[in-house]
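*Asks:* Structure of the sequence below:
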Amino acid sequence: MKPSLTGNIPSLTPLRGIAALLVAVFHFQSYLLRFVTKDESMFIDKCYLMVDLFFIMSGFLIMHVYKEQFAEKITLKAFKKFVLARFARIYPLHFITLILLVGLFYFESLKPKGLYDPGAIVSHIFLLHSFPLNREVTWNIPSWSISAEWWSYMLFPVLCLFLAKRKVQAIAIIFLGIVATYYAVLYVVPRHDIYDPAADKLHDLNVNYDYGFLRSIAGFMTGMLLYLLYGVDRVRSFFNSDILCGVCMLLIIFALHKAIPDIFLVPGFALLILTLTCNKGKITTGLNNKTLHFLGDISYSIYLIHFLFIIFIEMVAYKFGYRYHSELIFPFFKGAALCILYLLLLIVLSAVSYHIIEKPCRNYINRKWQANNFELQKVQGSLKDA
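*Replies:* This is a model prediction of the structure:
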């Protein structure tokens, strides 16, 4: 797998932070209050697609970190270290947020159904809740993607070895796999949404608790192939352009605003990742500031903590007589102000979560089981958010 690229890819850290905040805004409008109607813009309503950006980015970054470990063969030692590092990265915060939600459920004596389905807890513990095991989305809703990504990790060593040993054939087969998997998500898998009987006719990528693992695998494999493009000198030279990167950003914003079919955002996200990683100009300089890097560092906490925060706000609001319903539209400036306040508080909570839960747990697990030092340096350095 030549060329062998090393070093940091700092531009993706801010992107991950921005994407996590957009998912948080998406759920704010979906569960607390709406201040932008669908007629005005679909931008916020389409921000569930930021998860697909995460999946592609994850495949790209995991290739960057681990491709050399599985280039010759898959040894038990290398696989165990890989699994340990990924487990340390994603599981502790997932488990703790689940426990907090379950505790809140019993403390508030909520009805054991729907979101708070005790029968779904086991699937969350074993990261199986992106498979069609539950009737609806349950507990910490964003965590379905953690389940989906975990199973993409399990496929990675095999795909990586295949690419190393049979590059041309592997690229062709993986590309066909990507097309087939996205097609299955859009048109084949059943979409039984008990809240929206018309969901099976939507043909979008918004599957999660049922067949979300397919969505993750497709995005992850896209990121892996994208990394191979990044390894070509001519590609990096061609995509090192502020204009190209800026145009790509504007096109993605426009596509979300106008609700362009979801599948067109997949190559758009791939192009965005490629242009950002190749860019050495003003856009990279603008993104690589302390504030945006800080948001990128705590992006995983933002992603997993925000729905727990929304549930808490919803419970408090309910006690004061406020009940969300989709027909209630807040004035834009009032709603935007409340959303900004929510984001600011969320950032504070996520920073606390990152420093007292996420980072210490990850470091402890890696030290306890003596994960590879080279691996840790890369993960804790350039790829904290992989």
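*Asks:* from here on, contacts and neighbour counts on C-alpha atoms
*Replies:* Fine.
*Asks:* helices or strands up against the longest helix seen in the chain?
*Replies:* Using DSSP state H, we find that the single longest helix of the chain is helix 76-107. Applying 3 or more CA pairs under 8 Å, 6 or more residues apart in numbering; DSSP states H and E, one finds that helix 76-107 contacts helix 144-165, helix 299-319, helix 359-368.
*Asks:* for the ones you listed, which one sits closest to His27?
*Replies:* Closest to His27 of those, according to CA to CA: helix 299-319, at 7.3 Å.
*Asks:* Contacts for that closest one, please.
*Replies:* With contact meaning CA atoms under 8 Å, 6 or more residues apart in numbering, helix 299-319 is reached by 16-17, 20-21, 23-24, 27-28, 31-32, 93-94, 97, 101, 140-143, 323, 346-347, 349-351, 353-354, 358, 385.
*Asks:* end to end, how far does stretch 290-303 reach?
*Replies:* End-to-end distance for stretch 290-303, by CA to CA, to the nearest Å: 20 Å.
*Asks:* Show me which positions of that stretch end up buried.
*Replies:* By neighbour count with 16 or more other CA atoms under 10 Å, stretch 290-303 contains the buried residues 292-293, 295-303.
*Asks:* any low-confidence regions in the stretch 1-150 of the chain?
*Replies:* In the predicted model, the stretch 1-150 of the chain carries pLDDT under 70 at residues 1-8, 10, 108-113.
*Asks:* Please, where are all the helices along it?
*Replies:* Taking DSSP state H, counting those that start in this stretch as the test, the helices found in the stretch 1-150 of the chain are 12-31, 50-66, 76-107, 121-125, 144-165.
*Asks:* Could you name the helices and strands sitting against the first one?
*Replies:* Using 3+ CA pairs under 8 Å, 6+ apart as the contact criterion, the elements in contact with helix 12-31 are helix 50-66, helix 265-278, helix 290-297, helix 299-319, helix 332-353.
*Asks:* Tell me the first helix or strand C-terminal of the second one.
*Replies:* It stands for helix 265-278. Note on helix 265-278: by DSSP states H and E, the next helix or strand toward the C-terminus is helix 282-287.
*Asks:* Please put the alpha-carbon coordinates of that following helix into PDB.
*Replies:* Provided in PDB are the C-alpha atoms of helix 282-287 (Å, rounded to 0.1, in the frame of the first residue of the first chain):
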ATOM      1  CA  LYS A 282      -6.200  29.700   3.800                       C
ATOM      2  CA  ILE A 283      -9.000  27.300   4.600                       C
ATOM      3  CA  THR A 284      -6.700  25.000   6.500                       C
ATOM      4  CA  THR A 285      -5.200  27.900   8.300                       C
ATOM      5  CA  GLY A 286      -8.700  29.100   9.300                       C
ATOM      6  CA  LEU A 287      -9.800  25.800  10.500                       C
END
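*Asks:* my read: Ala38 touches Asp45, true?
*Replies:* One thing to correct before we go on: residue 38 is Lys, not Ala. Yes - counting by CA atoms under 8 Å, Lys38 touches Asp45, with 7.5 Å between them.
*Asks:* between the two, which one's more packed in?
*Replies:* Neighbour count, other CA atoms under 10 Å: between Lys38 and Asp45, Asp45 has more, with 21 against 14.
*Asks:* which residues touch that one?
*Replies:* 26, 29, 38.
*Asks:* if I look at it, how far off is Trp144?
*Replies:* With CA to CA as the criterion, Asp45 and Trp144 are 18 Å apart.
*Asks:* cool, and Leu161?
*Replies:* Per CA to CA, Leu161 is found 27 Å from Trp144.
*Asks:* what about Gly219, neighbour count?
*Replies:* Residues near Gly219, counting by other CA under 10 Å, number 29.
*Asks:* can you tell me which residues contact it?
*Replies:* 52-53, 55-56, 59, 178, 266.
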